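> fold the following, please.
(one chain, ligands or ions: 1)
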Amino acid sequence: MTAHENVVQRISIVGTGYVGLSTAVCFASRGYDVIASTRNEDKVRIINAKRAPFHEPGLDEAVRTSIESGHLRAEIDRSEAVRQTEVTFLTVGTPEKADGTVDLRYVINASDDIGRALQLKNAYHLVVVKGTVTPGTVRGPIKAALEEASGLVAGRDFGLCMNPEFLRQGSAIRDTLHPDRVVIGEYDEQSGQRLADLLAGFYGPGIPLLRMSLESAEMVKYASNTFLAVKISYANEMANICERVPGVDVSEVMAGVGLDERINPRFLNAGAGFGGSCLPKDTKALCKFAEVQGYSAPLLRATLAVNQAQASHVAQLALATLGEPRDKKVALLGLAFKPDTDDVREAPSLIVARALLKVGAHVSAFDPVVKRISLPGFEGLEYPPSISECLAGAHCCIVLTEWEQFKQLTSDDFTQSMATPVVIDGRRIFDPHEFGSRLTFLAVGVGRG
Ligand code: UDX
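Sure, this is the predicted structure:
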């Protein structure tokens with residue numbers, strides 16, 4: 001499928017984070033002309049120099065081929081990007097405010113800029129919001145900002161849609177090219193039809209495309225992410241029960257549960273809990289949103305509480321084995337919130353490291369891509385350059401990210417260099433039978449007889 005079979009050929013993307021840049025390179029790879037716009041001069045320079053500005057598998061290569069093919073360029077001037085294209089995807093961040101609500105500052109600022117560009121453009125343009133915003137935001141403050149800055153009327157002079165993004169970090173490009181479904185929230189029929197035509201051309205046949213109200217589309221994203229969060233906290237709750245019962249292993253239990261087609265086995269891995277930029281933030285935001293609507297959302301609150309307790313529980317397992325922690329060394333394997341990313345936002349490793357540093361333990365951490373945590377409170381963390389140096393002389397090791405290279409480790413790797421070979425498997429990557437017979441092995445969710 002090439003772009004000239006579609007009406008829309010020129011696309012601008014405002015924001016170059018995971019969603020923005022993945023969307024940009026994927027459209028470019030299928031022959032659309034894409035301008036990725038960011039206000040960060042470094043990012044513009046890095047992208048135009050054919051590199052990705054952050055770690056994401058395959059993204060460097062995708063940026064390189066997109067730039068070399070001439071289908072992608074990065075641009076600092078948002079107005080220029082909008083005016084030279086027919087559709088704009090708005091992908092700037094929607095971070096969390098201190099009270100758990102969504103910070104709309106960047107989205108509104110970008111909407112103002114897009115609106116001003118529309119005023120200069122003098123032709124119909126489709127604006128598509130991809131960022132995660134609570135129901136009513138697109139029809140409310142985003143539309144108001146666009147109309148006010150442009151002097152134009154949504155639906156008549158420009159189109160407006162919501163198209164939530166479901167990609168995961170670590171598989172962003174694959175997820176962008178092959179989503180399970182595409183959701184289009186439409187302000188009006190014309191806007192929805194234009195986006196449906198563009199996306200049907202981009203994805204080709206076989207991918208369900210759902211059209212609905214703006215508000216339903218906004219809600220689908222929260223409902224999806226919170227369901228994943230609920231599933232993980234459910235698995236962790238089962239793990240906590242299993243831990244109290246000798247002979248029970250939560251992985252075996254979840255394997256038996258997940259094969260029920262009504263449930264499915266994915267997102268049932270118990271461990272140190274969920275982190276990242278979406279699941280924790282979106283669950284908190286939906287709780288807050290529900291509260292404002294007069295509903296307390298007890299299931300979502302419990303999901304967050306179980307998750308918060310889970311990382312602390314992993315730290316407690318370690319502390320229970322250490323005795324007096326002051327002269328003890330703890331080795332953390334993994335800092336990223338999941339493999340194949342350098343992102344530590346809301347990572348369980350932060351809770352675990354903080355709990356150990358607080359009681360005076362020496363904490364060493366090795367992660368294949370996260371080189372250090374530059375947040376306040378983590379100054380005492382040490383970063384040896386290899387797994388073996390991280391493990392050397394340690395009294396306890398905690399696995400916090402299921403990186404592929406950690407899965408290759410054998411029980412010998414631990415027994416040979418640790419002062420006392422105690423391994424806490426916070427991501428359930430090792431075989432409890434093999435490890436349990438060689439060293440003190442505690443896996444989250446394994447009953448201890
Ligand atoms: C998530 C959603 O999956 C994605 O659809 C959405 O667009 C953005 O948010 P992401 O944050 O990249 O994606 O990571 P995800 O793969 O969902 O994992 C989130 C966290 O849950 C990680 O910390 C992971 O380790 C944890 N997790 C996941 C578990 O603890 N157990 C599981 O079974 C699955």
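
> and the longest helix anywhere in the chain, what does it pack onto?
Taking DSSP state H as the criterion, the chain has its longest helix at helix 214-242. On a contact count with 3 or more CB pairs under 8 Å, 6 or more residues apart in numbering; DSSP states H and E, helix 214-242 meets strand 158-162, strand 182-186, helix 250-258, helix 279-292, helix 298-322. Bear in mind the C-beta positions are built from the backbone N, C-alpha and C, glycine included.

> quick check: which of the ones you listed is buried the most?
Compared across the helices and strands packed on helix 214-242, strand 158-162 shows the largest average neighbour count, a mean of 26 (mean count of other CB atoms under 10 Å).

> do whatever helix or strand comes next after that one and the ligand meet?
Using DSSP states H and E, the helix or strand that follows strand 158-162 in sequence is helix 172-177. No: counting by CB under 6 Å from any ligand atom, the ligand has no neighbours in helix 172-177; the shortest distance is 7.4 Å.

> give me the buried stretch members for helix 172-177, please.
Neighbour-count burial for helix 172-177 flags 172-173, 175-177 (criterion: 16 or more other CB atoms under 10 Å).

> ditto for stretch 120-129
For stretch 120-129, a neighbour-count test (16+ other CB under 10 Å) marks 121, 125-129 as buried.

> dump that stretch to CSV, keeping only the CA atoms.
What follows is stretch 120-129, C-alpha atoms only, in CSV (Å, rounded to 0.1, in the frame of the first residue of the first chain):
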residue,chain,number,x,y,z
LEU,A,120,-2.8,30.7,8.3
LYS,A,121,-3.5,27.6,6.3
ASN,A,122,-6.9,28.3,4.7
ALA,A,123,-7.8,24.7,3.8
TYR,A,124,-9.5,21.9,5.7
HIS,A,125,-7.2,20.1,8.1
LEU,A,126,-7.8,17.1,10.4
VAL,A,127,-6.5,17.2,14.0
VAL,A,128,-6.2,13.8,15.7
VAL,A,129,-5.5,13.6,19.4
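
> mind checking the pLDDT average for it?
For stretch 120-129, mean pLDDT rounds to 96.

> on that earlier part again, so which of the buried residues of stretch 120-129 is the closest to the ligand?
The ligand lies nearest to residue 129 out of these, by CB to the nearest ligand atom, at 14.6 Å.

> the ligand is nearest to which of the helices and strands packed on helix 214-242?
Of all the helices and strands packed on helix 214-242, the one in closest proximity to the ligand, counting by CB to the nearest ligand atom, is helix 279-292 (5.0 Å).

> for that closest one, what is the distance to the chain centroid?
Here helix 279-292 is found 16 Å from its chain centre; the criterion is CA atoms, centre = their mean, to the nearest Å.

> export the helices and strands packed on helix 214-242 as CSV, with columns for mean pLDDT and distance to the ligand.
Conversion of the helices and strands packed on helix 214-242 to CSV gives the following (pLDDT from 0 to 100; distance: least, CB to the nearest ligand atom, whole Å):
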stretch, mean pLDDT, distance to the ligand
strand 158-162, 98, 14
strand 182-186, 98, 12
helix 250-258, 96, 9
helix 279-292, 96, 5
helix 298-322, 96, 8
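
> same list, these, but as a markdown table with distance to residue 142 please.
Shown next, in a markdown table, are these (distance: least, CB to CB, whole Å):
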| stretch | distance to residue 142 |
| --- | --- |
| strand 158-162 | 8 |
| strand 182-186 | 12 |
| helix 250-258 | 39 |
| helix 279-292 | 16 |
| helix 298-322 | 25 |
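
> closest to residue 438 out of these?
Closest to residue 438 of those is helix 298-322 (CB to CB; 15.7 Å).

> right, is the longest helix of the chain up against the ligand?
Yes: looking at helix 214-242 against the ligand by CB under 6 Å from any ligand atom, the contacts come from 225, 228, 232.

> the ligand: which of the residues you listed is nearest?
Among the residues of helix 214-242 next to the ligand, and counting by CB to the nearest ligand atom, the member closest to the ligand is residue 232, at 4.4 Å.

> how much space separates that closest one from residue 404?
Taking CB to CB, to the nearest Å as the measure, residue 232 falls 21 Å from residue 404.

> circling back: can you give the distance of the longest helix of the chain from its chain's centre?
On CA atoms, centre = their mean, the centre of helix 214-242 falls 14 Å from that of its chain.

> residue 187 against residue 159, yeah?
Yes: counting by CB atoms under 8 Å, residue 187 does reach residue 159; the two are 7.2 Å apart.

> give the contact list for the residue lying closest to residue 265 once chain neighbours are set aside.
Spatial nearest neighbour of residue 265, chain neighbours left out: residue 258 (2.8 Å); criterion: CB to CB, 6 or more residues apart in numbering. Residue 258 makes contacts with 264-266, 268, as judged by CB atoms under 8 Å, 6 or more residues apart in numbering.

> mind doing that once more with 10 Å?
231, 235, 264-269 (CB atoms under 10 Å, 6 or more residues apart in numbering).
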